[in-house]
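**Q** Return a 3D structure for these sequence lines:
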Amino acid sequence: MPQRFQIFTVFLFAYFLSYFFRSTNAIIADDLVRDLGLSASELGLMTSLFFAAFALAQLPIGSALDRFGPRWVVPAFMLAGAAGSLLFAAAANFTMLALGRALIGLGMAGVLAGSFKALGGWFAPRRFATISSVFVGFGASGSLVAATPLAWLSEAFGWRTVFWVGAFVIVASAAAITVWSRNPPEVDVDRPREGSFADIFRDRQFWQIALLGFMMVGSLFAYQTLWIGPFLREAVGLGRIAAGDMLFTLGVGVIVGYLVCGYLADRLGLERVIAVFAALFFVSQAALGLFGPDWPGWALGATCASFGFFGAYSILLYTHVRNVFPVHMSGRAVTATNLLAIGGGAILQWLLGVIIALFTPDASGSYPASAYRTIFVLTAGAGIASVLFYLPLAIRPVRRPPEDVTRTV
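**A** Residues are numbered from 1 along each chain as shown. Now for the predicted structure:
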């Protein structure tokens, strides 16, 4: 196997695990509430800690990636994820559960940016949008395993067993990256680097990209990894397996979107594709809030698939930010964007739980459909505003200087 595809494969499995672990709570939420007595706000806060820890680690990870390369940085952080999975499996109270979830987020914090750093150094720039979208598309299949298959596993063996085993799988993945990957040619530990995070944060284009990422990635993860599950069960009236099937459908939509978005961006224009599909994502998000028990299943499935498909185009924002900043700053540029994007997941996941908790639950503890309708409308409205802020870049794209190109082999 050529070295670049070997590197692609070991980072792909790590990203598969990252997607799986971030998505688990949408299926096991009822188990966590039953076993540990969590409220809606506690469930939202605990789940959001994955994204909070993930986001807070982005800036130091970005500097480390540009300095030492993904071969060493990514596995080192993944060991924290393994420890978090063990703690989550053993949790006897909310505090242990929350700390375990935060450690899992910390462990997975370097996987996406590290993978892009590695792939960007080994594949030609003109192919990066396609390569990165295929990479994320296959990696996102972790969300499929965290849907119906996880529901089956949880019922057969218990959710704790899933996390016990998961810890050992994380360690194996980290070892594979260390053994079988190599740093990209651009990484040179002895060479000083120009540019800083301050240069990135002063750039208006960065904020146009990153704030759209906050709403796209943030709302996609907030719903897919938690609140879609309770919405489907409480507002639409589906059982656990049926809700898992809808999450599976949403996950398939995400994967298909990831697989095709790079191809479309390379041919139709990166910025235009982002703007159009971001708008469609927020429209489909608002449409989900309209569903109730009397709506046909096929329509709900189609809307879930559309929500996932359009939301997947958020991955192109990382390609866009790579085009804005020099190659030697690519690790910092991607992680700065990830700080806002994954931070959006943490903030929105917690905030949506707070909003839902403002409504009065029924005797069984379920919240009314109006609670979920409210959060869909709020996130869709804020999302459309972020698209309008980004829109000037789609009308008049700004490119990186031609001499600033990535070296490939």
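**Q** so who does the closest residue to L97 other than its chain neighbours touch?
**A** Leaving out its chain neighbours, the residue that sits closest to L97 by C-beta to C-beta, 6 or more residues apart in numbering is A91, at 4.0 Å. (C-beta placed from N, C-alpha, C; glycine too.) Residues near A91 by C-beta atoms under 8 Å, 6 or more residues apart in numbering: L36, L97, G100.
**Q** and which of the residues you listed is nearest A243?
**A** When those are ranked by distance to A243 (C-beta to C-beta), L36 comes first, at 20.3 Å.
**Q** which residues sit in contact with the closest one?
**A** A91, A92, N93, F94, L97.
**Q** do V111 as well
**A** By C-beta under 8 Å, 6+ apart, the contact set of V111 is F11, A14, Y15, L17, S18, V74, M78.
**Q** go again using 6 Å as the cut-off
**A** Taking C-beta atoms under 6 Å, 6 or more residues apart in numbering, we find V111 in contact with A14, Y15, S18, V74.
**Q** Among those residues, which ones are in helices?
**A** Counting by DSSP state H, the contacts of V111 place A14, Y15, S18, V74 in helices.
**Q** Could you pick out the buried ones from the contacts of L36?
**A** Neighbour-count burial (16 or more other C-beta atoms under 10 Å) applied to the contacts of L36 gives A91, F94, L97.
**Q** how about the helices in the stretch 51-200 of the chain?
**A** For the stretch 51-200 of the chain, the helices defined by DSSP state H, counting those that start in this stretch cover 58-68, 70-90, 94-107, 111-122, 128-139, 142-145, 148-157, 159-180, 197-201.
**Q** Residues touching the shortest one, excluding its own?
**A** Residues external to helix 142-145 that are found in contact with it (C-beta under 6 Å, 6+ apart): F16, Y19, F20, S23, F248, G251.
**Q** at 7 Å instead, please
**A** With contacts defined as C-beta atoms under 7 Å, 6 or more residues apart in numbering, helix 142-145 is touched by F16, L17, S18, Y19, F20, S23, Q224, F248, G251, V252, V254.
**Q** Quickly find the element holding the fifth one.
**A** In this assignment (DSSP states H and E), F20 forms part of helix 3-23.
**Q** The helix or strand following that helix: which residues count as buried?
**A** Following helix 3-23 in sequence order, the next helix or strand is helix 25-36 (DSSP H and E). For helix 25-36, burial by neighbour count (16+ other C-beta under 10 Å) applies to N25, A26, I27, I28, A29, D30, D31, L32, V33, L36.
**Q** just the ones in helices among the contacts of V111 now: which is nearest L348?
**A** S18 (18.6 Å).
**Q** Can you check the pLDDT for that closest one?
**A** With respect to pLDDT, S18 scores 95.
**Q** swap in the one 5 residues further on?
**A** Reported pLDDT at S23 in the predicted model: 85.
**Q** now do P401
**A** For P401, the model assigns a pLDDT of 47.
**Q** Pull out the buried positions in stretch 301-320.
**A** 301, 303-320.
**Q** Could you identify which of the contacts of V111 has the most neighbours?
**A** V74 (32 neighbours; other C-beta atoms under 10 Å).
**Q** Do I have it right that it meets T178?
**A** No. Using C-beta atoms under 7 Å, V74 makes no contact with T178, being 8.9 Å away.
**Q** circling back: out of the ones in helices among the contacts of V111, flag the one nearest to L259.
**A** Closest to L259 out of the ones in helices among the contacts of V111 is Y15 (14.0 Å), distances taken as C-beta to C-beta.
**Q** if we can go back for a sec, name the residues that touch the helix holding F20?
**A** 50, 74, 78, 104, 108, 111-112, 115, 118-119, 122-123, 135, 138-143, 145-146, 166, 169-170, 173, 176-177, 180-182, 221, 224-225.
**Q** buried subset of the residues you listed?
**A** Among these, those classed as buried by 16+ other C-beta under 10 Å are 50, 74, 78, 104, 108, 111-112, 115, 118-119, 122-123, 135, 138-143, 145-146, 166, 170, 173, 176-177, 181-182, 221, 224-225.
**Q** So for the residue nearest to A83 when sequence neighbours are not counted, what's the pLDDT?
**A** Leaving aside its sequence neighbours, A83 sits nearest to L103 (C-beta to C-beta, 6+ apart; 5.6 Å). Looking at L103, its pLDDT reads 98.
**Q** Then the one 5 residues further on?
**A** Per-residue confidence (pLDDT) for M108: 96.
**Q** dump the residue contacts of it.
**A** M108 touches S18, F21, F54, G81, counting by C-beta under 7 Å, 6+ apart.
**Q** F128 now?
**A** By C-beta under 7 Å, 6+ apart, the contact list for F128 reads G120, T319.
**Q** what about it, distance to I315?
**A** Going from F128 to I315 by C-beta to C-beta, to the nearest Å gives 12 Å.
**Q** Please name the nearest non-neighbouring residue to G44.
**A** What sits nearest to G44 in space, not counting adjacent residues and going by C-beta to C-beta, 6+ apart, is G353, at 2.2 Å.
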